[in-house]
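Novice: Structure for this input, please:
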Amino acid sequence: MTLRFDPIRLPPECEKLRQEVRAFLAEEIAAGTFDPYRPGHGDSQNRAFSRRIGAKGWIGMTWPKKYGGQERTFLERYVVTEEFRVANAPVRLHFVADRQSGPILLKYAPEHIKLDILPRICRGELCFVIGMSEAGSGSDLFAAKAKATKVDGGFRLNGSKIWTSNAHIADYMLGLFRTSPPTKENRRHGLTQFLIDMKTPGVTVNPIIQMTGQHDFNEVVFEDVFVPDDHVMGEIDGAWKQATSELAYERSGPERFLETFYVLVELIRALGPDPDPRSAEGLGRLAAQLHTLRRMSVSVAGMLQAGKEPVVEGSIVKDLGTIWEQNLPHRVRELAAFLAPETGNRATLEEQLAFAMTVAPKLTIQGGTTEILRGIIARELGLR
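Specialist: As a prediction, this is how the structure comes out:
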């Protein structure tokens, strides 16, 4: 296999859309909806805000109009995602549904479920959670042990999922469960994906509090949870193909290298228009690295637009992006070491750095650990 990152440029309609999104965000900030300088605000959720975004047509943008979408391009969606992430806006409620759950439903759900759920996602009304990882197996999806047993009219789910972001506020989960044992020839065999209503009896959500004090991750326990047959997504025992395709959406977007971006913005504000040579050189390196990651991510968006499934390219963006956004707070702290104590936004910068350095370790968990990603990349390149 050869890696390919086409040098895609955003077309004029994307720049026009960018200005619309920036104007909307400026109005929301002025109205006090969120504070772009508040650490971690981008990891929060606001139901009314998500509904206003939906009213703009900026959720499910690429989906067919019959399901509430706008039939716009992945590149236009990229611009919206980038602007909301840079602004540190509270989009967590709808983001997973928009990014990856909706496309899975589009591809595999029965028509009546599409007509029911997809328009509600587009209106910003629904929150989705991904149920893949399990305790003891982490990002090794094919080691999943949570079981789905066939019963009359559907399946009974038993087991647990962990690192389930949003589960405590989610309406639905797309969960990966074992319906058959793996075979010696194919350990990927035997997994099936289900659409699970989180209000179903037998679903218990246990919080996992991060070092920041935030409640984002959870453990979800399933005890004889009934899921009807029409909530099976795709092929029984063959969901590994769906899961790897889904992760191409999750791993390649700008959110995979912009999660601590706010500390870079705050450093630039602190240094002002005339930084000393040491600071200017450091900023230049960071800007060059960021630009490279962005070009790669835009290229993956172009591949998605072309109907491709850039699994390995998405994995590379996620691997490099995670490392960069994890290291960014440390590099910003080094560059800020010689700032004058009276620097106007010094307190804000220190608050943001403290938060970013605390939240950074979790970035290698969400979307797949570095070790798993590098295994995928090596396998696709024929190195293992």
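Novice: Okay, buried residues for stretch 116-125 please.
Specialist: Of the residues in stretch 116-125, Ile117, Leu118, Pro119, Arg120, Ile121, Cys122, Arg123, Gly124, Glu125 count as buried by neighbour count, 16 or more other CB atoms under 10 Å. All C-beta spots, glycine's among them, are computed from the backbone N, C-alpha and C.
Novice: Also stretch 186-198?
Specialist: Going by neighbour count (16+ other CB under 10 Å), the buried part of stretch 186-198 is Arg188, His189, Gly190, Leu191, Thr192, Gln193, Phe194, Leu195, Ile196, Met198.
Novice: Rebuild these as JSON lines, extending it with distance to Gly253 and secondary structure.
Specialist: Below are the buried residues of stretch 186-198 laid out as JSON lines (distance: CB to CB, whole Å; DSSP: H, G, I helix; E, B strand; the rest coil):
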{"residue": "Arg188", "distance to Gly253": "25", "secondary structure": "coil"}
{"residue": "His189", "distance to Gly253": "30", "secondary structure": "coil"}
{"residue": "Gly190", "distance to Gly253": "30", "secondary structure": "coil"}
{"residue": "Leu191", "distance to Gly253": "25", "secondary structure": "strand"}
{"residue": "Thr192", "distance to Gly253": "26", "secondary structure": "strand"}
{"residue": "Gln193", "distance to Gly253": "21", "secondary structure": "strand"}
{"residue": "Phe194", "distance to Gly253": "25", "secondary structure": "strand"}
{"residue": "Leu195", "distance to Gly253": "23", "secondary structure": "strand"}
{"residue": "Ile196", "distance to Gly253": "24", "secondary structure": "strand"}
{"residue": "Met198", "distance to Gly253": "24", "secondary structure": "coil"}
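Novice: Max pairwise distance over these: which two?
Specialist: Comparing all pairs in these by CB to CB, the longest separation belongs to His189 and Met198, at 27.8 Å.
Novice: re earlier: please identify which of the buried residues of stretch 116-125 is nearest to Glu371.
Specialist: Checking these one by one against Glu371 (CB to CB), the nearest turns out to be Ile121, at 32.3 Å.
Novice: nearest spatial neighbour of that closest one, skipping sequence neighbours?
Specialist: Among residues not flanking Ile121 along the chain, Ala97 sits closest, at 4.6 Å (CB to CB, 6 or more residues apart in numbering).
Novice: Could I get the full set of helices for the stretch 201-350 of the chain?
Specialist: For the stretch 201-350 of the chain, the helices defined by DSSP state H, counting those that start in this stretch cover 239-251, 261-271, 277-305, 311-335, 346-359.
Novice: Domain boundaries for this structure, per the record?
Specialist: Per the record, the chain has its domains at 12-126, 130-237, 252-380, by automatic domain parsing.
Novice: Ok, which of those comes nearest Asp6?
Specialist: Across these, the minimum distance to Asp6, taken as CB to CB, is reached by domain 252-380, at 5.2 Å.
Novice: end to end, how far does the closest one reach?
Specialist: Counting by CA to CA, to the nearest Å, you get 16 Å between the two ends of domain 252-380.
Novice: and that domain, what's its mean pLDDT?
Specialist: The predicted model assigns domain 252-380 a mean pLDDT of 86.
Novice: surely Ile268 meets Gly284?
Specialist: No: counting by CB atoms under 8 Å, Ile268 stays clear of Gly284, with 11.6 Å between them.
Novice: thinking again about what came up before, now that we have the buried residues of stretch 186-198, can you turn them into CSV and tack on pLDDT?
Specialist: Below are these laid out as CSV (pLDDT from 0 to 100):
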residue, pLDDT
Arg188, 78
His189, 87
Gly190, 92
Leu191, 93
Thr192, 95
Gln193, 95
Phe194, 97
Leu195, 98
Ile196, 98
Met198, 98
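Novice: Next up, phi/psi of Asp171, please.
Specialist: For Asp171, the backbone dihedrals are phi -90, psi -40 (criterion: degrees, to the nearest 10).
Novice: Three-state assignment for Val129, please.
Specialist: Using DSSP: H, G, I helix; E, B strand; the rest coil, the structure places Val129 in strand.
Novice: what about it, distance to Asn166?
Specialist: Remark: distance between Val129 and Asn166 (CB to CB, to the nearest Å) = 5 Å.
Novice: Give the residues shared as contacts by those two.
Specialist: Common neighbours of Val129 and Asn166, using CB atoms under 8 Å, 6 or more residues apart in numbering, are Val96, Asn218.
Novice: Provide a list of residues in contact with Glu313.
Specialist: Leu3, Arg4, Phe5, Ser252, Met296, Ser299, Val300, Met303.
Novice: what sits up against the helix or strand containing Phe95?
Specialist: Here Phe95, judged by DSSP states H and E, is contained in helix 92-96. Helix 92-96 has contacts (CB under 8 Å, 6+ apart) with 42-47, 49-50, 53-54, 59, 121, 124, 126-130, 165-166, 169, 255.
Novice: Can you select the buried ones from those in PyMOL?
Specialist: Restricted to buried positions by 16+ other CB under 10 Å, the PyMOL selection for the contacts of helix 92-96 reads:
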select buried, resi 42+43+44+45+46+49+50+53+54+59+121+124+126+127+128+129+130+165+166+169+255
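Novice: mind listing which of the contacts of helix 92-96 are in helices?
Specialist: Counting by DSSP state H, the part of these found in helices is Arg47, Phe49, Ser50, Ile53, Gly54, Ile121.
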